[in-house]
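Colleague: quick one, fold the following:
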Amino acid sequence: MEQDFLMQKRIGYMDLIRVVACYMVTMIHVRFAFDLNTDVATQFYVTFLRPCVPFFIMISGALLLPIKYDTRTFFKKRFSRVLIPFLIWSVAYVFLPAPSTINFGGIENVLTTSDLHPILKSILMIPMNFTWVNVHFWFMYTIIGLYLFMPVISPWIEKVSKRGIEAFLLVWLITTVLFYAQISFPQIHGVCDWNEFGMLYNFGGYLGYLILGYYLKRYNSLSYFKSIGLGMILFMTGGFFTFKGLVFSLHNADQMTWIAAEGQKVEFFINNLSINVVMMTAGLFMILQKINLKGISGSIIKELSKYSYGIFLVHYIINIWLLHYIGRGEGIGINTWVGQPSLALVVFVSSYIVVKLISFIPKSKYLIG
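Modeller: Below is the predicted model:
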């Protein structure tokens, strides 16, 4: 999503992180096993693939902050390469043939109860939110919102000291710890029935990942071994607690009385804005920062990085058709440990081929970024 900057000054590890993030997203969507509750391999992958979405946001912060253009030019470049392809593919997914009927879905709203045709419902819903037709686009609304906010924080980024950024990140990290306060205190710091915006609300959310990406790119001057060592500690520690939390939520949902919606219970301990997932994400980022691929491997990563946004846009339809024809887990005699990463690789490579072919079409940047 940041091709303009990378063309000016190539940062090898950013290419690597982008490709890793894109493959991780693909692998998450290749839900190979039948049952998350009993398949340990799936639980493992669901846990340790969590950094994928935060990675995309950190990359944006690292490469786009502070903004190098005037606001109008920035929005023109960002939205021509991000927003337009997103809108085109949001509509395309409504009409693309699927192996089974995908009903209009999502949180109940005025459209879900209407008598409109499901196709029309899905199209009308695009300005408001994703549906089951394009569910993998859920975080695009978040990242577009962050793009809108970048011109606001860019002047601060240009002037703030390292200590100033660390102070912000410290408060943000506190919000990721206080995320778990709701277990015992459903409402804190001014939150009540008539006010959902608490004391630290404006420090929370995905904005922290945006600033964290910028911070690690500029200030992670640790040596190769120190950065990888600290990164491993953060990644494994965060991963341990994330995995344990996921397993707990799968088998003890009835005890999670602080959450009303059943679907949110599974997501609680693997939430991207929990301290354990932040630790995983920062740790893996620090590890990948110190990997410098050259030669053929470096060229391959560079090529895949160039088309990573397009791969993300098209992979979901390829994934559901491939699963339809190949089958899942025990049905084809392959265990999840091997099957999920292998099938994800097939989907990833297939998506790259499709996107590469699309790239030969004139004005293809409006289709694949």
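Colleague: for the stretch 1-150 of the chain, which spans come out with low pLDDT?
Modeller: 1-10, 32-35, 100-106 (pLDDT under 70).
Colleague: so for the residue nearest in space to the middle of the chain, what's the nearest residue that isn't a sequence neighbour?
Modeller: When CA atoms, centre = their mean is applied to the chain, the residue found nearest the centroid is Val53 (1.4 Å). Counting by CB to CB, 6 or more residues apart in numbering, Phe139 is the residue found nearest to Val53 once chain neighbours are left out, at 5.0 Å. In this view, the C-beta of every residue, glycine as well, is placed from N, C-alpha and C.
Colleague: and the one you found, what helix or strand is that in?
Modeller: helix 138-159 (DSSP states H and E).
Colleague: and the longest helix along the chain, average pLDDT?
Modeller: Secondary structure of the chain per DSSP state H: the longest helix is helix 224-251. Averaged over helix 224-251, pLDDT sits at 96.
Colleague: following that helix, which helix or strand comes up?
Modeller: helix 262-267.
Colleague: buried residues in the helix or strand encompassing Val46?
Modeller: For Val46, the host element (DSSP H and E) is helix 40-48. Buried residues in helix 40-48, counting neighbours by 16 or more other CB atoms under 10 Å, are found at Ala41, Thr42, Gln43, Phe44, Tyr45, Val46, Thr47, Phe48.
Colleague: farthest residue from the center of this structure?
Modeller: In the chain, the greatest distance from the average C-alpha position (CA atoms, centre = their mean) is reached by Asp115, at 33.6 Å.
Colleague: so is that residue in a helix, a strand, or just coil?
Modeller: coil (DSSP: H, G, I helix; E, B strand; the rest coil).
Colleague: sorry, back to before: run through the neighbouring helices and strands of the longest helix of the chain.
Modeller: If you count contacts as 3 or more CB pairs under 8 Å, 6 or more residues apart in numbering; DSSP states H and E, helix 224-251 packs onto helix 40-48, helix 262-267, helix 275-289.
Colleague: tilt between the longest one and helix 224-251?
Modeller: Pointing back at helix 275-289 there. 150 degrees (axes from the mean of the first three to the mean of the last three CA atoms, to 10 degrees).
Colleague: skipping adjacent residues, who's closest to Pro155 in space?
Modeller: According to CB to CB, 6+ apart, the nearest residue to Pro155 is Pro66 (7.6 Å).
Colleague: in a helix, the one you found, correct?
Modeller: No. Read with three-state DSSP, Pro66 is coil and lies in no helix.
Colleague: that one reaches Glu158, doesn't it?
Modeller: Yes. The pair Pro66 and Glu158 passes the contact test of CB atoms under 8 Å, sitting 4.5 Å apart.
Colleague: between those two, which is the more surrounded one?
Modeller: A direct count of neighbours by other CB atoms under 10 Å for Pro66 and Glu158 places Pro66 higher, at 15 against 10.
Colleague: so what's Cys192 bridging to?
Modeller: Asn195 (DSSP bridges).
Colleague: so where's the stretch 201-350 of the chain shaky on pLDDT?
Modeller: 327-333.
Colleague: and the strands in the stretch 251-369 of the chain?
Modeller: Using DSSP state E, counting those that start in this stretch, no strands are found in the stretch 251-369 of the chain.
Colleague: quick one: the helices in it?
Modeller: Ranges of helices in the stretch 251-369 of the chain, per DSSP state H, counting those that start in this stretch, are 262-267, 275-289, 295-306, 308-326, 336-358, 365-368.
Colleague: please identify the deepest-packed of those.
Modeller: Most buried of the helices of the stretch 251-369 of the chain, by mean neighbour count (mean count of other CB atoms under 10 Å): helix 275-289, with a mean of 24.
Colleague: what about the residue nearest to Val53, distance to Val266?
Modeller: Per CB to CB, to the nearest Å, Phe139 is found 18 Å from Val266.
Colleague: for His136, same thing?
Modeller: Counting by CB to CB - His136 and Val266 are separated by 18 Å.
Colleague: and what of Ser90?
Modeller: 26 Å.
Colleague: isn't Met280 right next to Ile233, touching?
Modeller: No. Counting by CB under 8 Å, Met280 stays clear of Ile233, with 11.1 Å between them.
Colleague: pull up the overlap in contacts between these two.
Modeller: The contact sets of Met280 and Ile233 do not overlap (CB atoms under 8 Å, 6 or more residues apart in numbering).
Colleague: now do the helix or strand hosting the residue nearest to the centre of the chain against helix 295-306, angle only.
Modeller: Using DSSP H and E, the element containing Val53 is helix 52-64. Going by the same axes, to 10 degrees, helix 52-64 is angled at 100 degrees with respect to helix 295-306.
Colleague: nearest to Gly208, of the helices of the stretch 251-369 of the chain?
Modeller: helix 275-289 (7.7 Å; CB to CB).
Colleague: elements contacting that closest one?
Modeller: helix 12-29, helix 52-64, helix 162-178, helix 207-219, helix 224-251.
Colleague: let me see the contact set for the spatially closest residue to Met236 that is not a sequence neighbour.
Modeller: Leaving aside its sequence neighbours, Met236 sits nearest to Gly283 (CB to CB, 6+ apart; 7.6 Å). Contact analysis of Gly283 by CB under 8 Å, 6+ apart lists Leu230, Gly231, Met232, Ile233, Leu234, Phe235, Met236, Thr237, Gly238.
Colleague: buried residues in stretch 116-129?
Modeller: Buried, per 16+ other CB under 10 Å, within stretch 116-129: Pro118, Lys121, Ser122, Ile123, Met125, Ile126.
Colleague: also stretch 80-90?
Modeller: Arg81, Val82, Pro85, Phe86, Leu87, Trp89, Ser90.
Colleague: take those and keep only those in helices.
Modeller: Short answer: the buried residues of stretch 80-90 in helices (DSSP H) are Pro85, Phe86, Leu87, Trp89, Ser90.
Colleague: all set, thanks.
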